[in-house]
Every structure is written in C-alpha cells, then in structure tokens.
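Student: This is a predicted model, with the sequence first.
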Amino acid sequence: MTFDRHLTSHGHLHRFVVTKDLAGWEVREEEDAAVLRRAHREDWHRVERDVQLFEMRSIALKREGWIEN
C-alpha cells in the first residue's frame with residue numbers, strides 16, 4: 001500500500017505519506033520541509049489507524065482552506 005496526500009495553502013505544503021519497505025511501512029506527516037510525525041510500523045492494523053487519522057486531519061485542513069493537489 002502506498003498513501004500520498006498533498007494539501008497546499010498560501011504557498012505551504014502539508015503531506016501525508018505511507019510507503020512500504022522490506023520491514024513494514026513508514027508513516028510520515030510533513031509540513032513544508034519539516035517532518036511533524038514519523039513512525040515505522042510492522043503491524044498493518046496500526047497503518048490502517050494512521051491512515052484514518054490522516055484522513056481526519058486532511059478533512060480538518062480542507063475546512064481551514066487547504067486544497068488537495
């Protein structure tokens with residue numbers, strides 16, 4: 001599974017990313033060049049929970065005027 005969502009607002013970029021590697025999944029939330037949250041998951045159920053949180057966070061940002069790209 002790969003999850004990659006980008007939102008922009010006034011020249012700023014907010015990004016939610018899940019990538020698969022040999023040992024599991026890397027989960028990241030970034031704003032501009034800063035990594036706000038980063039975790040490595042071996043349990044798929046934890047990845048699903050992270051994606052749900054990313055979905056809720058994306059909805060909140062869109063309500064604040066961020067635009068999904």
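Tutor: Happy to help now that I have it.

Student: Going by C-alpha atoms from here, please, whenever you check contacts or count neighbours.
Tutor: Fine.

Student: Near R63, how many other residues are there?
Tutor: Neighbour count of R63, defined by other CA atoms under 10 Å: 10.

Student: How confident is the prediction for it, by pLDDT?
Tutor: The predicted structure scores R63 at 98 on the pLDDT scale.

Student: OK, contacts around it?
Tutor: If you count contacts by CA atoms under 8 Å, 6 or more residues apart in numbering, R63 has none.

Student: Same question for K62.
Tutor: Counting by CA under 8 Å, 6+ apart, K62 touches E68.

Student: How about the residue nearest the centre of the chain, nearest residue that isn't a chain neighbour?
Tutor: Centroid-nearest residue in the chain, with CA atoms, centre = their mean: F16, separated by 1.7 Å. Spatial nearest neighbour of F16, chain neighbours left out: E29 (4.7 Å); criterion: CA to CA, 6 or more residues apart in numbering.

Student: what are the bridge partners for that neighbour, then?
Tutor: In this entry, E29 is beta-bridged to F16, R37, by DSSP bridges.

Student: right, and it touches A39 too?
Tutor: No: when contacts are counted by CA atoms under 8 Å, E29 is not listed as touching A39 (9.4 Å).

Student: neighbour count winner among these two?
Tutor: E29 (18 against 12).

Student: Mind listing what's buried along the host helix or strand of K20?
Tutor: Secondary structure assignment for K20, by DSSP states H and E: strand 12-21. Residues of strand 12-21 classed as buried under the neighbour-count rule (16 or more other CA atoms under 10 Å) are L13, H14, R15, F16, V17, V18.

Student: Any figure for the gap between the closest residue to the fifth one other than its chain neighbours and L22?
Tutor: Nearest residue to V17 in three dimensions, chain neighbours excluded: D4, at 4.5 Å (CA to CA, 6+ apart). D4 sits 19 Å away from L22, taking CA to CA, to the nearest Å as the criterion.

Student: Same question for R46.
Tutor: Distance from R46 to L22, by CA to CA: 17 Å.

Student: That concludes my questions; thank you for your assistance.
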